[in-house]
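Colleague: Okay, predicted coordinates and the sequence, questions at the end:
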Amino acid sequence: MQREFVETLGHRQGAASGQASWKYELYSMDWDLKEELRDCLVAAAPYGGPIALLRNPWRKEKAASVRPVLDIYSASGMPLASLLWKSGPVVSLGWSAEEELLCVQEDGAVLVYGLHGDFRRHFSMGNEVLQNRVLDARIFHTEFGSGVAILTGAHRFTLSANVGDLKLRRMPEVPGLQSAPSCWTVLCQDRVAHILLAVGPDLYLLDHATCSAVTPPGLAPGVSSFLQMAVSFTYRHLALFTDTGYIWMGTASLKEKLCEFNCNIRAAPKQMVWDVSSDVGDMAVGQCLAEYVWCSHRCSRPRSKERAVVVAWERRLMVVGDASESIQYPWMAACLRFVLDEDSYLVPELDGVRIFSRSTHEFLHEVPVASEEIFKIASMAPGALLLEAQKEYEKESQKADEYLREIQELGQLTQAVQQCIEAAGHEHQPDMQKSLLRAASFGKCFLDRFPPDSFVRMCQDLRVLNAIRDYHIGIPLTYSQYPCALQKGAYSQGWQGKGLEMQSAGCGRPDVQAETTLPSLSPPPHSLYPLPTGSTRLVLRRLYPLAIQICEYLRLPEVQGVQQKDVSDEDVARAINQKLGDTPGVSYSDIAARAYGCGRTELAIKLLEYEPRSGEQVPLLLKMKRSKLALSKAIESGDTDLVFTVLLHLKNELNRGDFFMTLRNQPMALSLYRQFCKHQELETLKDLYNQDDNHQELGSFHIRASYAAEERIEGRVAALQTAADAFYKAKNEFAAKATEDQMRLLRLQRRLEDELGGQFLDLSLHDTVTTLILGGHNKRAEQLARDFRIPDKRLWWLKLTALADLEDWEELEKFSKSKKSPIGYLPFVEICIKQHNKYEAKKYASRVGPEQKVKALLLVGDVAQAADVAIEHRNEAELSLVLSHCTGATDGATADKIQRARAQAQKK
C-alpha cells in the first residue's frame, strides 16, 4: 500500500517530535463527468456519503443553452440517480442528516430529493426571501437536525435550524451593510445557530436578537478584508483567511488564538476546511450532535498532536497546522509546493478530509500513532518488532525468535499486540489489515491471559467496513468514523417497520450482494453490539441483502415485516412501490408471494399490480385461487402460452357451464380456446358453437367433420346435409348451395364408380370431368358439365387439356371443328407445342384471329410469315417481337425486311 508521509514540526508536552499526515486513494473514479467540477454545484455528504453534481448554467459568463442535469453518485463514482433539472436556478446544494439532498433555489424554495433522485417535498424560506432573491446559502447541522441559512439580495440573513420542523428566523441587520459580505459561515454555540460574516476588515456575529462586532485575538495588522472562513466539524474551531495571505486559527468563540501562518498567497482559496482529528481528540466523551454523534472513546483520535486547516486553490493544496510550519504535497526540492493535476473538491470528515477529482478519490488525515510507530523508518516500537517477527516466522527464520525475545524482555508484548490491532483498524487495504492482524494473532500465542475481545471485535469491524467500502457500495468509512456511524444507526438497525419488501431476498441488488458477501466468521456475542436505532443508510441505498447480511453477521434481531392493520392494502402496496420504484433486480412477485404467505392475499394482489412481468403475476394469482383475474392479466400480456395455461387451469377448476360463461366474457380467450379445440377437442368446439348459436362456424365444423371422421359416403352426405342446414340458418345461401352441390357430386361420383369403375370419389368437379374425358366418356363429361352448369370456356379448356394429354389429335381436331371455339385457337397451338407436336400446331395457327396471328406463327416457327403479318398490321410491338425471334443467317432476309418496313413507316 502506498503512503505519503509528510513531516511537520509539532510540539507536545514540551518535547519536539515528528508527526506525519497520510493521504491514500479510496477509489479510482469512473464516473465519466461531462463537466469540470468548477463548472458545477457540488455537495458531498460526510461519513463517506453520496456526491451530488449540478452543472451550473446560470453563471453569467455562460448562457443557459440546455437544461442542467442533476447527477447523484456514491463516493466511489457509481451513479445513483440522474434527472433533468426543470425547476428554477439553484444557488446551493447540501445533504441533510437523513441523506436527503437539499436544493436551494434563487426564489427561496428548497427542493428535497432522495438518494435515488426521487422528489420528497419542498418548502419556502419565506416571502421576504422570495421578493429579494437568494444570493448565497449554507446547509449546516445542529443537535436539532439539518438547517438552512440564506443570504438575500437585501443583504439580510434568514435561517432555520431544522428543516424537518421548519421555523424561520430572520437575523438582525448589519449596520451599514451595502453589499454582500466577503465571506460568512454558520456557528453553533450554546445550542443556538449564529451567523459570522466579514465586511471589509470587520467581523460581525449575528444571533437571534443582536448584531455584535467581534475581533479575533492576535490577528496580524494590515488586514483589509477576510476572503474565506471555515468552521471545524464540531463548531469548536475557526479559521480565517485574510487578504494579506495570513491564515488565523483559533476557537470558534473568538476568545483564543491557536496559531497564525503566512502562506504568501493572497488569492482567495477555492476551499478551506478543517482537518478535525485534533478537534475530535479534544472532545468530551459522550458529547453529541444530532447529525454527528461522538459516541465513545473509539471516536476519539488518541494522542493527536496537530490542529490543521486544509486550503485548496485551483491547482494547489496546503495543510496549515498550529505549529510554525505548513505541509505541502508532495515534497519538492525547492519550492515545497504541490500542484494538483485536476480540479478537486474537499469534504471535511470526522477524522480527516476527503479529496475527490474527476479521476480519483483520496483521504487525507493524520497518521494514527499506532501506524506511525509501526511503520516509521527504523522504528523499534513493540508493534513494529512484532510485525517483523511474524514476517520472519513465515519465512521460517530464527530472527522471529530474536524479535520476540527482545519484545518479551522489555515486557511490551501486550502493547505490541494492541498496537498491531489498532493499526489494522486504520488500514484501508485488506492485505495490510491481514498482515497486522496475523502479527497480533502471532503475538497473542505467547501471552497467557490476553483478552480476545479487542481482536475479535476488530476482525468483525473490519469485515463490515470492507464490505461497505466495496466499490459497488461506495461508503468509505474509516475505523474512527465507524463506531460513531454505528451508534447513529447509520448502517444497521432493528429493521422493525421496514415493510414486507425487506423480507424478500429479491428486493435488493443481487450483483452487489454477490460482490460484497461477508467472509465467514462465527458471529460475535450479541452483548458487544447494542441494538442501534437510527436511520439506515444501506436501506436508503436499497442494498437490502447486504444490510440483512450485516445484521445477521452481527447477530442483530431477525428481519421482521410489519402488518399495518390501520392502513389499507392499497396504501401499503403504494408505499412499497414508492420506496422501491423500478429498481433493477426488484421482483414485486417475490414480495407478493411473501405477503400471501403471511395471509395478506389482498395486499399480494395489489403488489402484483406493480409487477411488470405477467409471467410472474399469473402463476401466483392461480396459486391464490384468483383464476379469472389471472386470465385477465394473461390476456393483457399478449402471451398466448400464458393464456392457454390459465384456460386449462380454469377448465379443471370450473364446471362446464361456468367455464363457457367465463370464456364468453373474454373474446380473445374464447378465440384461443377454439383454436385449441380444433386440434384437440372437436366435440367441445361443437358445443361452443351450439351454445353461441354460431351456425356459420357450426356449418364449417360439420364440413370438416364429414371429411375427417366419415369414411362411408352415406355418413359424409349426412354430415354435409347438417352443414347445409346450418348455413341456411346462418342465412349464407351461397355456402348452403355449394354444400348441396357437393352432396350431388358425391352421389354422382359413387354412381360413376359403380358403372365405370376407377376412382372418382373425393375428386373435384373439374377433375371428375377431366377423368371422364381421359376415359373416353365424352358424352358423360358433357352431361356432367351441363348438370353442374360448367361454363363453355371452362369445359373447352378441360377437354382441350385432356385430349392433348391423351395425344388424341384426331379427336382434338374434330372437337375444334364441332363449333366455333369460345376460347379461340391460340390455346390449341400452345397445347400442341407443349406436347412437342408442331405439325398439329400448324393446323390451328391459320385459324387464329388476326390479333394473335403473329404469336401463333412464331410458336410454330414460321418467322417469315409472322413478319409479313406484322408488316401488314404495321404494329411496332409485333415487328419488335418478330425481330427478336430472327437468328443467324437464315432469318437475315426477314430481319432486313422488317428494318426496311420500319424505315418506310418512319418516312411516312
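Modeller: All right, it came through fine.
Colleague: Give me the nearest residue to Ala220, chain neighbours excluded.
Modeller: Closest residue to Ala220 apart from its sequence neighbours, by C-beta to C-beta, 6 or more residues apart in numbering: Tyr246 at 5.0 Å. C-beta here means a position set from N, CA and C on the backbone, and glycine is covered the same way.
Colleague: cool, and Trp248?
Modeller: Trp248 sits nearest to Leu240 (C-beta to C-beta, 6+ apart), 4.4 Å away.
Colleague: Tell me, how many residues neighbour that neighbour?
Modeller: Leu240 has 26 neighbours, counted by other C-beta atoms under 10 Å.
Colleague: Quickly list what it is bridged to.
Modeller: Note on Leu240: beta-bridge partners by DSSP bridges are Met229, Trp248.
Colleague: That one against Ala220, yeah?
Modeller: No. With contact defined as C-beta atoms under 8 Å, Leu240 does not reach Ala220; the gap is 10.6 Å.
Colleague: List the residues that are in contact with both of these two.
Modeller: Jointly contacting Leu240 and Ala220 under the rule C-beta atoms under 8 Å, 6 or more residues apart in numbering are Trp248.
Colleague: Any stretches of the stretch 501-650 of the chain with poor pLDDT?
Modeller: 501-536, 557-567 (pLDDT under 70).
Colleague: low pLDDT regions in the stretch 751-900 of the chain?
Modeller: For the stretch 751-900 of the chain (pLDDT under 70), the answer is 762, 888-890.
Colleague: Do a quick rundown of the helices in it.
Modeller: Here the stretch 751-900 of the chain has its helices, by DSSP state H, counting those that start in this stretch, at 765-774, 778-787, 792-806, 809-818, 826-834, 838-845, 850-859, 863-873, 876-885, 892-907.
Colleague: From Glu388, how far off is Ala381?
Modeller: As judged by C-beta to C-beta, to the nearest Å, Ala381 and Glu388 stand 11 Å apart.
Colleague: just Leu254 next, same as before
Modeller: 49 Å.
Colleague: Now for the residue nearest to Ala220: which residues touch it?
Modeller: Counting by C-beta under 8 Å, 6+ apart, Tyr246 has contacts 219-220, 223, 260-263.
Colleague: Which of those residues ranks first by neighbour count?
Modeller: Neighbour max across the contacts of Tyr246 (other C-beta under 10 Å) = Phe261, 22 neighbours.
Colleague: Doesn't that one lie inside a strand?
Modeller: Yes. If the criterion is DSSP: H, G, I helix; E, B strand; the rest coil, then Phe261 is within a strand.
Colleague: Would you agree it is in contact with Met318?
Modeller: No. At 9.3 Å, Phe261 does not count as touching Met318 under the criterion of C-beta under 8 Å.
Colleague: Check what pLDDT Asp243 gets.
Modeller: Here, the pLDDT recorded for Asp243 equals 94.
Colleague: Near the residue nearest to it when sequence neighbours are not counted, how many other residues are there?
Modeller: Once flanking residues are discounted, Asp243 sits nearest to Ser225: 4.4 Å by C-beta to C-beta, 6+ apart. When neighbours are counted by other C-beta under 10 Å, Ser225 registers 16.
Colleague: Which residues are in contact with Ser225?
Modeller: Per C-beta under 8 Å, 6+ apart, neighbours of Ser225: 182, 198, 200-201, 242-243.
Colleague: Read off the pLDDT value for it.
Modeller: Reported pLDDT for Ser225: 94.
Colleague: so what's the backbone phi/psi at Asp71?
Modeller: phi -110, psi 140 (degrees, to the nearest 10).
Colleague: where does it sit relative to Cys40, distance-wise?
Modeller: Distance, Asp71 to Cys40, by C-beta to C-beta: 9 Å.
Colleague: what's the overlap in contacts for the two?
Modeller: Contacts common to Asp71 and Cys40, judged by C-beta under 8 Å, 6+ apart, are 53-54.
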